[in-house]
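In: from the sequence below, what's the structure:
(one chain, ligands or ions: 2)
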Amino acid sequence: MNKIPVWFDTDIGVDDAVAFLVLHRQPELEVVGISAVSGNVGLEHTYPNARNICHLVGARYPVYKGADRPLYAEVEHASYVHGEEGLGGARLESSPAPHESEAAWDALYRTAVEYGGELQVLAVGPLTNIAIALAKYPALKTLIKRLLIMGGGAARGNTTPAAEFNIYADPEAAQLVFKSGIPIVMCGLDVTLQGYLTAEEIEEIGGHEGAVCRFFRDATVSVLPFYHKANQPGLCVHDVCPVLYMTHPEIFGGQPCGVYVETQGKITCGKTVTDLWSDKKFPDRHVFAVLEMDREAFVREIRKAILSY
Ligand code: RIB
Ligand code: CA
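Out: Numbers count the residues shown, from 1 in each chain. Ligands and ions are numbered 1, 2, ... in the order given. Below is the predicted model:
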């Protein structure tokens with residue numbers, strides 16, 4: 001089977017970490033590079049978190065340092081959700097792997113050229129790295145076959161009433177990426193809020209033997225109270241959605257649409273404005289908005305991946 005080459009761009013926080021653990025166990029996918037970006041917490045944490053979670057599972061993926069701040073916006077973190085270092089109550093052993101000297105955007109472009117237009121990109125944090133790469137290398141937009149993001153939302157926000165965190169944290173980067181013309185699968189809050197793990201599911205999965213299950217439990221249990229306080233039925237593992245969309249699209253549903261990212265609004269800055277439910281459509285409609293999922297199947301695939309370690 002020809003594996004799909006995948007680049008993973010992440011502000012590795014708790015749900016990013018679960019997404020990585022699921023991604024690493026998808027036989028159809030081959031991770032060819034990982035880039036860290038400032039988002040949930042600062043790059044001083046997201047970069048080592050990415051290196052150290054590779055070390056946890058024995059993966060030798062190259063991990064590159066990306067942007068430590070948004071293009072223009074003020075730095076915005078979510079340590080109130082993910083904890084000071086981004087992994088909730090979990091701690092990871094430091095990776096002994098040598099550090100990569102290339103910047104994320106340079107490595108992403110070099111890799112996209114190497115894979116001759118077959119590279120697919122999973123971006124589950126603010127889109128700063130992707131935007132910088134596109135600005136520095138305009139040809140990149142023809143070399144990324146598909147970009148699958150966790151970000152945005154047609155109907156609501158989670159950082160403001162209008163905006164989801166990844167887009168709100170760097171709206172200019174998001175607008176640049178959405179206007180690049182690259183085919184985008186947008187897993188916004190419309191679907192990711194359906195992708196929750198209950199306390200019972202976390203305990204059942206995390207209660208199994210092994211360092212990965214222990215890490216999974218330590219990372220997720222500590223974030224549950226945040227979601228319960230927000231009247232959510234469980235921990236939303238937002239970033240797992242684009243990963244499982246790649247290998248199990250059958251458990252999701254959605255619609256093609258056009259998306260514009262608001263960057264000027266006082267109240268609506270960071271909103272992904274879609275033409276899903278309006279008769280006025282945007283001229284370019286190269287986004288597929290994922291809007292629903294079969295949660296049972298979603299949790300089943302997460303459980304299968306975590307218990308496979
Ligand atoms: O809004 C949820 C998104 O913001 C997720 O990617 C989470 O990891 C944070 O980055
Ligand atoms: Ca994330």
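In: residue numbers of this structure in contact with ligand 2?
Out: Counting by C-beta under 5 Å from the ion, the residues of the chain lying close to ligand 2 are 11, 16, 124-125, 239. All C-beta spots, glycine's among them, are computed from the backbone N, C-alpha and C.
In: same thing but at 8 Å, please
Out: Counting by C-beta under 8 Å from the ion, the chain comes close to ligand 2 at 10-13, 15-16, 19, 39-40, 124-125, 150, 165-166, 238-239.
In: which ones, among those, also lie beside ligand 1?
Out: Filtering the residues of the chain next to ligand 2 for proximity to ligand 1 by C-beta under 6 Å from any ligand atom leaves 11, 13, 15-16, 39-40, 124-125, 150, 165-166, 238-239.
In: are any of those residues buried, and if so which?
Out: Neighbour counting with 16 or more other C-beta atoms under 10 Å marks 11, 13, 15-16, 39-40, 124-125, 150, 165-166, 238-239 as buried within those.
In: quick revisit: in helices, which of the residues of the chain next to ligand 2 appear?
Out: 15-16, 19, 165-166 (DSSP state H).
In: ok, which stretches of the protein are strands?
Out: Assigned by DSSP state E, the strands in the chain fall at 4-10, 29-36, 63-65, 119-123, 144-150, 184-187, 196-197, 235-236, 252-257, 259-261, 272-274, 287-293.
In: show me the residue at the heart of the chain, geometrically.
Out: Val124 (1.4 Å; C-alpha atoms, centre = their mean).
In: gap between the closest residue to that one other than its chain neighbours and Ile149?
Out: In space, and not counting its chain neighbours, Val124 is closest to Asp239: 3.8 Å by C-beta to C-beta, 6 or more residues apart in numbering. The gap separating Asp239 from Ile149 is 10 Å, by C-beta to C-beta, to the nearest Å.
In: mutual contacts of the two, please.
Out: Taking C-beta atoms under 8 Å, 6 or more residues apart in numbering as the contact rule, Asp239 and Ile149 both touch Val124.
In: OK, contacts around Arg110?
Out: Contacts of Arg110 by C-beta under 8 Å, 6+ apart are Glu102.
In: looking at the chain, which helix is longest?
Out: Secondary structure assigned by DSSP H gives helix 43-57 as the longest helix of the chain.
In: who does that one touch, helix- and strand-wise?
Out: Helices and strands touching helix 43-57, by 3 or more C-beta pairs under 8 Å, 6 or more residues apart in numbering; DSSP states H and E, are helix 14-23, strand 29-36, strand 63-65, helix 211-221.
In: one more time with 7 Å, if that's ok
Out: If you count contacts as 3 or more C-beta pairs under 7 Å, 6 or more residues apart in numbering; DSSP states H and E, helix 43-57 packs onto strand 29-36, strand 63-65, helix 211-221.
In: what sits against the residue in the chain that ligand 1 sits nearest to?
Out: The minimum distance from the chain to ligand 1, using C-beta to the nearest ligand atom, falls at Phe165 (3.6 Å). Listed by C-beta atoms under 7 Å, 6 or more residues apart in numbering, the contact set of Phe165 reads 78, 158-159.
In: could you do Ser222 as well?
Out: Here Ser222 is in contact with 83, 88-89 (criterion: C-beta under 7 Å, 6+ apart).
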